[in-house]
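K.L.:
fold the following for me, if possible:
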Amino acid sequence: MAAPGTDPSVIRDLLRILENNTTSDWKHYFLTTNWDYLLQKEISDLKLKVLPSWLKSSHVYHLNGTVEVLPDNSNRSPFLLEEDPASERCWTVEANVAYNNIISQRLFIVVGMSFECDTDKFLLTALNRVQDDLPIGESTWFVLNSNKSALDLSCQRLGQALPCAKIEGIHCNLQSCVVVQT
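P.N.:
Numbering: from 1, shown residues only. Next up is the predicted model:
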């Protein structure tokens, strides 16, 4: 996170765009499989005294663990590596809250995720199991990725897990995808 060349301005710009362009009936919720806490740091840097109307939570949920150190990390997900088998995933408060939020939603924006490793495939399998009974089954997904082949595979994997969902792949990097309409 502190490496030379790490530029969180893209995240800052995204948060600004969400703040300025989110209609009152929408709220954003952030979930990641990344260990870094760049997004959480940028949200914390907003120094929110009250949760703004465009955010559902100021917490970024980390399904595969995080390097962030909090006074109490007991509710956090443990580290999972890409090469770890899905059986290594264990129940945690953080993952449970995140999963319950996922299955009850209908609109998702996925940035740079391939659903390639076993732990990510485990998530797709879990979504597939409930997709006939919950809103997730008829959800809409916008999948952004700068790697075209990874994008195509992500969309294919999502489509297999959620056959009634609408999945739109967008080949771009985050900087070129974030466009503000005035």
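
K.L.:
tell me which stretches of the chain form strands.
P.N.:
Using DSSP state E, the strands of the chain run over residues 28-32, 55-62, 107-111, 140-145, 166-171.

K.L.:
pLDDT weak spots in the protein?
P.N.:
Applying pLDDT under 70 to the chain picks out residues 73-75, 78-81, 84, 86, 89, 174-182.

K.L.:
just want the most central residue of it.
P.N.:
L31 (3.5 Å; CA atoms, centre = their mean).

K.L.:
that residue reaches T66, doesn't it?
P.N.:
No. If you go by CB atoms under 8 Å, L31 and T66 don't touch, sitting 11.8 Å apart. C-beta: built from backbone N, CA, C; applies to glycine.

K.L.:
show me what contacts W35?
P.N.:
Contact analysis of W35 by CB atoms under 8 Å, 6 or more residues apart in numbering lists H62, N64, G65, T66, V67, F79.

K.L.:
from F122, how far off is the spatially closest residue to the fifth one that is not a sequence neighbour?
P.N.:
In this structure, V67 finds its nearest non-sequential neighbour in W35, 5.2 Å apart by CB to CB, 6 or more residues apart in numbering. Distance of W35 to F122, computed by CB to CB, to the nearest Å: 17 Å.

K.L.:
please apply the same query to T6.
P.N.:
The gap separating T6 from F122 is 29 Å, by CB to CB.

K.L.:
neighbour count winner among these two?
P.N.:
F122 (18 against 9; other CB atoms under 10 Å).

K.L.:
and the closest residue to V130 other than its chain neighbours, how many residues sit next to it?
P.N.:
The shortest distance from V130 to any residue other than its chain neighbours is 5.4 Å, reached at I103 (CB to CB, 6+ apart). Counted by other CB under 10 Å, the residues lying close to I103 total 18.

K.L.:
thought I103 was touching R129?
P.N.:
No. The criterion here is CB under 8 Å, and I103 misses it with R129 at 9.6 Å.

K.L.:
columns distance to Q156 on top of the strands of the chain, output as TSV?
P.N.:
Output for these, formatted as TSV (distance: least, CB to CB, whole Å):
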stretch	distance to Q156
strand 28-32	21
strand 55-62	25
strand 107-111	13
strand 140-145	10
strand 166-171	9
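
K.L.:
having no further points to raise, I will conclude here.
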